[in-house]
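Peer 1: I would like the atomic coordinates for the input below:
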Amino acid sequence: MKVKNIQYNDIKSHVYIYDNKVGQCYMIALPDLNWSLELDMSLNEDELKEEIVIHLFTLLDEETASRIADDLIQWIIEN
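Peer 2: Model (predicted):
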């Protein structure tokens, strides 16, 4: 599990990214926003970003959701 910190505007949160190899998915959680998401490992970077932004956009403005999605994707693909 990866644990990162994220900060944008008024948002400060730990980010938890779990790589579930058995279930072939990523579990991402931002507890301070009461937000989590399960993403299939077969998605490419563009598809990952689209899914993350769509789900974050229910809580945040589009620009902030997009910036957070970029960071999350970077952390997902790093070894």
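Peer 1: need the longest helix for the chain.
Peer 2: Using DSSP state H, we find that the single longest helix of the chain is helix 62-77.
Peer 1: Okay, the residue nearest in space to the middle of the chain and residue 57: tell me how far apart.
Peer 2: Centroid check for the chain by C-alpha atoms, centre = their mean gives residue 72 as the closest residue, at 4.3 Å. Applying C-beta to C-beta, to the nearest Å, the value for residue 72 to residue 57 is 14 Å. C-beta: built from backbone N, CA, C; applies to glycine.
Peer 1: Which parts of this structure are helices?
Peer 2: Listed in chain order, the helices of the chain (DSSP H) span 45-56, 62-77.
Peer 1: Include mean pLDDT and distance to residue 33 when you put those helices into TSV, please.
Peer 2: Below are these laid out as TSV (pLDDT from 0 to 100; distance: least, C-beta to C-beta, whole Å):
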stretch	mean pLDDT	distance to residue 33
helix 45-56	97	8
helix 62-77	95	9
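Peer 1: Which of the ones you listed sits closest to residue 4?
Peer 2: helix 62-77 (5.6 Å; C-beta to C-beta).
Peer 1: who touches the residue sitting furthest away from the middle of the chain in this structure?
Peer 2: Taking C-alpha atoms, centre = their mean, the residue of the chain most remote from its mean C-alpha position is residue 22, at 19.5 Å. Residue 22 makes no contacts at all, as judged by C-beta atoms under 8 Å, 6 or more residues apart in numbering.
Peer 1: follow-up on the earlier one: the longest helix of the chain packs against which elements?
Peer 2: The contact analysis (3 or more C-beta pairs under 8 Å, 6 or more residues apart in numbering; DSSP states H and E) places helix 62-77 against strand 2-8, strand 11-20, strand 25-30, helix 45-56.
Peer 1: Residue 8 is in contact with the residue nearest to the centre of the chain, correct?
Peer 2: No: using C-beta atoms under 8 Å, residue 72 is not in contact with residue 8; the gap is 11.7 Å.
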